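**Q** Build me a model:
(chains A and B)
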Amino acid sequence: MGPVHTVYGPALLCAGAGCSQQFGAQPQWIWFLSSSYVGAHSTTLMPTVSKGDGMRGLAVFISDIRNCKSKEAEIKRINKELANIRSKFKGDKALDGYSKKKYVCKLLFIFLLGHDIDFGHMEAVNLLSSNKYTEKQIGYLFISVLVNSNSDLIRLINNGIKNDLASRNPTFMNLALHCIANVGSREMAEAFAFEIPSILVAGDTMDSVKQSAALCLLRLNRTSPDLVPMGEWTARVVHLLNDQHLGVVTAATSLITTLAQKSPDDFKTSISLAVARLSRIVTSASIDLQDYTYYFVAAPWLSVKLLRLLQCYPPPEDAALRSRLTECLETILNKAQEPPKSKKVQHSNAKNAVLFEAISLIIHHDSEPTLLVRACNQLGQFLQHRETNLRYLALESMCTLASSEFSHEAVKTHIDTVINALKTERDVSVRQRAVDLLYAMCDRSNAKQIVAEMLSYLETADYSIREEIVLKVAILAEKYAVDYTWYVDTILNLIRVAGDYVSEEVWYRVIQIVINRDDVQGYAAKTVFEALQAPACHENLVKVGGYILGEFGNLIAGDSRSSPLVQFSLLHSKFHLCSVPTRALLLSAYIKFINLFPEVKATIQDVLRSDSQLRNADVELQQRAVEYLKLSCIASTDILATVLEEMPPFPERESSILAKLKRKKGPGKLPDIDENRRNVNGSSEHSENTDTTNKVSYVLNLNSSPSTGPSLLVDVFSDSSTSASVDVSEDNFSRFVCKNNGVIYENQLLQIGLKSEYRQNLGRIYVFYGNKTSTQFLSFSSFVTSSDILKTHILHCLIASYPIIEGGAQVQQILNIECVSDFTDAPVLNIQFRYGGTLQNIAVKLPVMLNKFFQPTEMTSQDFFQRWKQLGAPQQEVQKIFKAQHPMDTDVTKAKILGFGVALLDGVDPNPANFVGAGVIHTKSTQVGCLLRLEPNAQAQMYRLTLRTSRESVSQRLCELLGEQF
Amino acid sequence: MMRFLLLFSRQGKLRLQKWFTPIPEREKKKIIREMTTMVLARQPRSCNFLHWKDLKIIYKRYASLYFCLAIENHENELLALEVIHRYVELLDKYFGNVCELDIIFNFEKAYFILDEFLLGGEIQETSKQIVNRCIESSDMLQERW
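**A** Sure thing, here's the model as predicted:
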C-alpha cells in the first residue's frame, strides 16, 4: 500500500550515521533541490496512494499548487479552488461527510500556505458531530489551527467537545481534550475546567485519556489559572507519580511541576514520590522500562521532568530522603564516566540531557560542595568535548556554577580552556558563551588577564557581539580596578579597538570616574593627550579627550611638549572631522581652556570669532560660540573662574553601563537610568548655565499639562476598587529610601524600573515597563491610587497609557508628584494587562517618601547646636536604637545619609565617628527644618539614630525611614 | 514548555507550524521569517542551539528539512533535540522512509502524529510503540467505517 517514496524525495532518516549531512549527492533528488519556487520547472510527482484515508482531490490540489511557476499562478489556482469550495458549501445538494472533510482540509492547506480564510468554519464545526473518526479529526484540526473568537461558533464547538467528552469513547475523548489543549481559550476553560480534573483522577479512565487530561489541565492552568479550581483532586494528582504507566507519570509530572511552581506548599508531598521514582529509574537496567528506554537510556524525558520538579523546592529536609536523592545524583554523575552503550548521538544526547538536568538541580540546591565540585569537573571535561553542543552547554552551565561560593574557585581553574575556546571556536554562539563565562568567573585575581583576553578578542570579534563585549570589558575594568590608571588605559584601548561600539554610557562613565578620583586625573590627561596624537582617532576618543583636557589639561601643561597651546592645537586639529555634538563639546573645552590658561585666550577667541563658528548653520554651535566669546570678553577672571570651575564629583550611582548590559542581555529588563545625563543639547556637558536653566524650567513645568508622550490622562483619583484583591508588592520599597533609580518590581513577565527626580516639593517619576517575554501584553493599563488620608497630603498624576506592549519592548510613563503636606503612607501603582489570555494584576508600592522632598542645608557647628537646642521639646525628638543589619562601613553610611537627602556636616560632632546631617523638607504649605545624628557603636554593632524637627509626625516618619537602612 | 515547532525546507518554505501559545497571525509570520533566516544562515557543524529573545531555539536538519523548536529558558536543550528526533522517527515509522513530500501531501497526518506526541507544549507520550499504535488504530477506525 505504501508508495515508492525514494523516487520523489530524500528520506529524512537514513540508516547510516550522518547521512543527512550528505544529502544532495544523489542525482535523482536534484530536481527537488534546485526548484526555487515550490516545485517549479518540473512536474511534481504525486504519491499514488496517500497513507491512511486517501483524499485524492486534496492530493491533486496540493500537486497543482506545487506546479505553479509563480506566486501569481499560485494565487490564481487558490482563488479558483476557493470559488469551487464556496459554491459546493452553498450548493443545494447536501454534501456528504467525505466531501465536507476534503474541502475543509483543502481550506486548511490554503490557510497554512499563508492565505486568509474567511469561510468554512461552520462546515468544520459540523464535522465534529460526525461519528466517523477521520471526519471528526479533520474538524478538530481545522478548529485548532484556525480558532477565532466568534462567540456563536465557540458555543457550537464547545457543544461538540462536550458530546465527545461524554461519549466514553477514549479516542473521541482524546480528540476533544487535544482540541481544548490546543486552543486553550478562556471560553473553553470556563466550559471545561471543572470537568477535566475528574476525568484525570477517575479510576476507570484509560491511560491515554489521563495523559491528555493532565496536559489539558496544565494548559488551562497556564492560560486561565483563576478558572481551574484547586481541590481534592490535587492530592490525587500527586499520586499519579506512582502510576504504573510511565506515559501517565510523565504527563502528570509536567502538570505537578507547573502547579508546584505556583503553590509549592500544596505539593510538598510530591518531593518524596519524585525522589523514589527517580531512584527507581536511575538504578534500573536499561531494558526494564521497555519502550521508555530511549537509545539505552532509561526514561530520559521522565528523569528530566522529575529533576525539574525537584528544582521547585529546596533540598529535602528529611535526612534519609536527602541521602537517597544524593545517591541518585551521584549515580547520574557516575554514569557519565561509563563507556557509551551506543555510538549514536541520540544515546549521548539523552544521557547528557539527564546529566545536565542533574547538574542544574545540584546548582539549584547549592548545598553539597562535593557534588558541586564533581559537577564542575564534569563540565570541565565537556569543555573539550568534540561535540560542539556539549561545549556550548558546558560553557553555559558553568556560568551559573561560577556564582556559587562552593564552586567559584573550581570554575576558575578552567580559565585557560575558556580563553582558548574564545580563540578557536568556529561557531559564534559558542564564542559568545565563552565570553559570558569569562565575565562570570572574573574576580580581582584574574581580572587583568580576562580583560586583556577580551580586548584582544574584540579586535576580531563578530560585529553582532562587539557592543556586548565592550560593555562587559568596561564593567569588569571598573569593578576590579585596583589602580585606576589601568582602568583608564583599558577604556581608551576599548575606544581604539572598537570605537564604534563604545556607547555613550561607556565614555560617560570613564569621565565620571576620572572626575570623582583625583588620583587618576593627571594620568588620564597625559594618556588622552598621547592617544590623541594618533593621526586617525575615533570620535569617541575626541569626546573623552576634549572633556578631560578641558577639566584637567592644566595638570600636564607644565611639560613643554603638552603646553596649553599644543593641547589646544591638537584638539582643534580634530574639530573639523567631528559631528555637531562633539564640536559642541569641544567648544566647551575651549572656554574651559580660556579659564585654565589665560595665555591661549587670544588664540581661542580668534577661533570662536571666525565665521565658521559665529555664523555656523547649526544653532547650537553658533549659540555656544557667541556666548562663550562674549563671556570670555566681558567676564573678569574671578567670574570666569567661578563659572568655569572644575566639575564637582558626580553622585555615586549604579553603573549605567551595567544597566545597559542588563538591558542588552534581556530586552526590556532594565530602565535607562542614564537619560538625565543626555540633556536637551544632546551633549554630555552638564556644567553650563544654559543647560541648568533648561533643566530648571523643565522641572518647574511639572504640574502644567503634559507635553510629552501619548495623551490620555489617567484619572488617578477615580475609585479603583478593582485592585483591592491584589497583594501590594513592597519588596523593594525600602531600598529606594536612599536612592531614586532602580528596579522596583520584577516577576517572570514584567520588570518595572523607576527613575525619579525631586526638587523642593515637586517630583517626577519615570516608570519603565519592560516586557520580558516574547509575547505581547494586551490591554495594558496602569493607575496610581492612594489612601483617602494620603490623597490630601500628596497629589499625583500619571501620563500616558499603552494598549499593547510588544514582546521584549519597554515603554515609559511619567508620574508627577506634588507634596502638599507631610505624609507617612505611600501611593500604590496598579497594573493590569493580559498575557497569553490571562489577566495579570500587579500592585506595587511606589517609593514616594517624605525624605524625597528634602533640600540639604549646610551649616556651621555653632548654628547646628543652636538649632539642636531650639528643637529640644520632647515631642520634637524621636530616637531609635537598633542593631546593624549591614556591615558598618563609613563610606556606605555617608552615601546613604546623602542619598536620604540631607547635607552631611563634617566637624560638627565632637566624636568624628558620628554622622550629623541637616536639611529642609519642602511641602506646598510649609517647610520643616530637620536635624539628624547617627551614632554608630562598632563594638556592639549597634546604631543610635536621633531626629529633631519642628513637627512630631515628620520626626517620627523620617526616623522610621532612615532607621531601616543600616 | 515548548512554545512552537516549525518545519521548513532549505529554501525557507514552511512545511509545518505548531504554536503552543496563542499568537496573532501577523506575529506568527514575523517569527517564521526570523526563524528561517536565522537558522538557514547557520554554518554546517555549528551547535544546534541559539538564544532568541527570552527563548532557546533548538534546530536540526534532516535531509532537506529543518526542524526548529522553541523552548523556554530553563528547559533542557539536549532533550529538545531528542524531541525533534523522536518526532522524525514517529513520522518515519508511519510513512516508512519518510521524506519531505510525505509531509507536504499528508500534512494533516503530520499534525495528528504531533498531537499524539506533544500536547500543550509538553511531552505527552514518549513511547514510539504507543504513539504509533494510536495512529494506526485511528486509520483502522476509518477503514472499518
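**Q** and stretch A:154-165, is it in reach of chain B?
**A** No - Stretch A:154-165 stays out of contact with chain B when judged by Cβ under 8 Å from any Cβ of the partner chain, the minimum separation being 13.9 Å. Bear in mind the C-beta positions are built from the backbone N, C-alpha and C, glycine included.
**Q** and the nearest residue to A:Gly120 once chain neighbours are set aside, what does it touch?
**A** Beyond its immediate neighbours in the sequence, the residue positioned closest to A:Gly120 (Cβ to Cβ, 6 or more residues apart in numbering or on different chains) is A:Leu107, lying 4.4 Å away. The neighbours of A:Leu107, taking Cβ atoms under 8 Å, 6 or more residues apart in numbering or on different chains as the test, are A:Leu82, A:Ile85, A:Ile117, A:Phe119, A:Gly120, A:Ala124, A:Phe142.
**Q** Put the buried members of the residues you listed into a PyMOL selection.
**A** Applying 16 or more other Cβ atoms under 10 Å in any protein chain shown to the contacts of A:Leu107, the buried members can be selected in PyMOL as follows:
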select buried, chain A and resi 82+85+117+120+124+142
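**Q** any idea which helix or strand comes after the helix ranked longest in chain B?
**A** As far as residue count goes, and with DSSP state H defining each element, the longest helix of chain B is helix B:77-95. On the C-terminal side of helix B:77-95, the nearest following helix or strand under DSSP states H and E is helix B:100-105.
**Q** Show me how far the helix or strand following that following helix is from its chain's centre.
**A** Counting by DSSP H and E, the element after helix B:100-105 in chain order, helix or strand, is helix B:107-117. Relative to its chain's centre, helix B:107-117 lies at 10 Å (Cα atoms, centre = their mean, to the nearest Å).
**Q** One more: stretch A:398-415?
**A** When C-alpha coordinates are averaged (Cα atoms, centre = their mean), stretch A:398-415 and its chain have centres 23 Å apart.
**Q** which residues touch it?
**A** Here stretch A:398-415 has contacts from A:359-360, A:363, A:366, A:369, A:372-373, A:375-377, A:379-380, A:383, A:433, A:436-438, A:440-441, A:443, A:445-446, A:449-450, using Cβ under 8 Å, 6+ apart.
**Q** Of the contacts of A:Leu107, just say which sits nearest to B:Asp102.
**A** Top of the list for closeness to B:Asp102, among the contacts of A:Leu107 and by Cβ to Cβ, is A:Phe142 at 20.8 Å.
**Q** So for the closest one, what pLDDT did the model give?
**A** pLDDT, A:Phe142: 94.
**Q** tell me which element it is part of?
**A** When elements are assigned from DSSP H and E, A:Phe142 belongs to helix A:133-146.
**Q** Report all helices and strands that that helix contacts.
**A** Packing contacts for helix A:133-146, counted by 3 or more Cβ pairs under 8 Å, 6 or more residues apart in numbering or on different chains; DSSP states H and E, involve helix A:97-112, helix A:121-128, helix A:151-166, helix A:170-183, helix B:107-117, helix B:128-144.
**Q** SS state for A:Tyr745?
**A** Assigned state for A:Tyr745: strand (three-state reduction, DSSP: H, G, I helix; E, B strand; the rest coil).
**Q** For it, name its beta-bridge partners.
**A** Using DSSP bridges, the beta-bridge partners of A:Tyr745 come out as A:Ile752.
**Q** Return the distance of it relative to A:Phe736.
**A** 11 Å (Cβ to Cβ, to the nearest Å).
**Q** Am I right that B:Thr21 is in a strand?
**A** No - following the definition three-state DSSP, B:Thr21 is coil and is not counted among the residues of a strand.
**Q** How about the contacts made by it?
**A** B:Thr21 is in contact with A:Thr775, A:Gly836, B:Arg3, B:Phe4, B:Gly121, counting by Cβ under 8 Å, 6+ apart.
**Q** okay, who's weakest in those by pLDDT?
**A** Taken together, those show their lowest pLDDT at A:Gly836, with 76.
**Q** give me phi/psi at that residue?
**A** Recorded main-chain torsions at A:Gly836 are phi 50, psi 40, according to degrees, to the nearest 10.
**Q** residues near it, how many?
**A** By other Cβ atoms under 10 Å in any protein chain shown, the residues close to A:Gly836 number 18.
**Q** And the pLDDT for the closest residue in space to A:Ile161 that isn't next to it in sequence?
**A** Spatially, and ignoring its direct neighbours in sequence, A:Ile161 is nearest to A:Ala176 (4.5 Å; Cβ to Cβ, 6+ apart). Per-residue confidence for A:Ala176 comes out at a pLDDT of 95.
**Q** likewise A:Thr946?
**A** For A:Thr946, the model assigns a pLDDT of 90.
**Q** Could you double-check that it sits in contact with A:Ile881?
**A** No - A:Thr946 lies out of contact with A:Ile881 (Cβ atoms under 8 Å); the separation is 9.6 Å.
**Q** Any figure for the gap between A:Lys772 and chain B?
**A** Between A:Lys772 and chain B the computed distance is 6 Å (Cβ to the nearest Cβ, to the nearest Å).
**Q** just A:Arg948 next, same as before
**A** When Cβ to the nearest Cβ is applied, the distance between A:Arg948 and chain B equals 51 Å.
**Q** neighbours around that residue, how many?
**A** A:Arg948 sits with 24 neighbouring residues when counted by other Cβ under 10 Å.
**Q** In the sheet, which residues pair with it? Tell me.
**A** For A:Arg948, the beta-bridge partners are A:Glu877, A:Leu931 (DSSP bridges).
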